[in-house]
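Visitor: Sequence below, structure please.
(2 chains)
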2 protein chains.
Amino acid sequence: MKHAYASINLKEKFSNFSETWTPKILGQFDGYYLKAAKMSGEFVWHQHHDVDELFIVISGTLKIHFRDGEVTISPGECFIVPKGVDHKPVANGEVQCLLIEKAGTLNTGDQGGDRTVSEEEWI
Amino acid sequence: MKHAYASINLKEKFSNFSETWTPKILGQFDGYYLKAAKMSGEFVWHQHHDVDELFIVISGTLKIHFRDGEVTISPGECFIVPKGVDHKPVANGEVQCLLIEKAGTLNTGDQGGDRTVSEEEWI
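Guide: The predicted structure follows:
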């Protein structure tokens, strides 16, 4: 008998949590995670010294500040933050975003601090 | 002076090509590519012996057949095809899809044949 495999429905996954700046893991491929994140307001300046980070914005508008500039990422847009680059995400209203990055990457990167999520949850 | 970095706009990128089953590279993070693919009709059975493949469907409905079942991926849905698993994508109408996989992954995997794109193009 044939098996019907389940896809990952993003709308459903985003409806399963409300915390902001607390990425949830949706899937793993090779050593990388596909994560869902909600963002609102300002996050902290940080960088990931050995990890490039792919952002795909689903809803809302995410601005990422860099020391020398910024990028605005609207729904249906993507951006890759290169490793070692200081950045500070700022969400105007609520942003729903996919994050794709190496498993084990901390949300606050090398910065640490009380907004660090040390063990991200699968949903 | 502050620099305005450019995001990757998916709608614009998808409007830049029409060929199906010919993924285009949008960006690189670590050793992985973010690709845009258009799909229509049936592709060939193939597998990637050492690469997991993440599909994110933007528009249209993609069905992926496996030897023991299938998955239907609608817009706003994702699926990860594990390494070493035989699969055959079938698009009903035109599908626009993001693919995320290790750089150097061939569209036809270990199968080869005349639908292989040996050097994928950046757009």
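
Visitor: ranges for the strands of chain A?
Guide: A:3-5, A:8-9, A:24-29, A:32-42, A:53-66, A:69-73, A:77-81, A:87-102 (DSSP state E).

Visitor: As CSV, those with distance to A:Gly112 would be great.
Guide: For glycine as for every other residue, the C-beta is placed from the backbone atoms N, C-alpha and C. Shown next, in CSV, are the strands of chain A (distance: least, Cβ to Cβ, whole Å):
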stretch, distance to A:Gly112
strand A:3-5, 39
strand A:8-9, 30
strand A:24-29, 20
strand A:32-42, 17
strand A:53-66, 17
strand A:69-73, 24
strand A:77-81, 18
strand A:87-102, 15
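
Visitor: Now tabulate those strands in a markdown table and tack on mean pLDDT.
Guide: Below are these laid out as a markdown table (pLDDT from 0 to 100):
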| stretch | mean pLDDT |
| --- | --- |
| strand A:3-5 | 94 |
| strand A:8-9 | 98 |
| strand A:24-29 | 98 |
| strand A:32-42 | 98 |
| strand A:53-66 | 98 |
| strand A:69-73 | 98 |
| strand A:77-81 | 98 |
| strand A:87-102 | 97 |
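
Visitor: and B:Thr61, which of these is closest to it?
Guide: Taking Cβ to Cβ, strand A:8-9 is the member of the strands of chain A nearest to B:Thr61, at 13.1 Å.

Visitor: List the strands paired with the closest one, with their directions.
Guide: With DSSP bridges as the test, strand A:8-9 is paired with strand B:77-81 (antiparallel).

Visitor: relative orientation of the strand it pairs with and strand B:69-73 in degrees?
Guide: Orientation of strand B:77-81 against strand B:69-73 (axes from the mean of the first three to the mean of the last three Cα atoms, to 10 degrees) gives an angle of 140 degrees.

Visitor: how far does strand B:77-81 sit from the chain's center?
Guide: Chain-centre distance of strand B:77-81: 11 Å, with Cα atoms, centre = their mean, to the nearest Å.

Visitor: pull the CA atoms of that strand into PDB?
Guide: What follows is strand B:77-81 as a C-alpha-only set of coordinates in PDB (Å, rounded to 0.1, in the frame of the first residue of the first chain):
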ATOM      1  CA  GLU B  77       4.200  24.100   2.100                       C
ATOM      2  CA  CYS B  78       7.700  22.500   2.300                       C
ATOM      3  CA  PHE B  79       9.100  19.000   2.100                       C
ATOM      4  CA  ILE B  80      12.500  17.500   2.600                       C
ATOM      5  CA  VAL B  81      13.500  14.600   0.400                       C
END
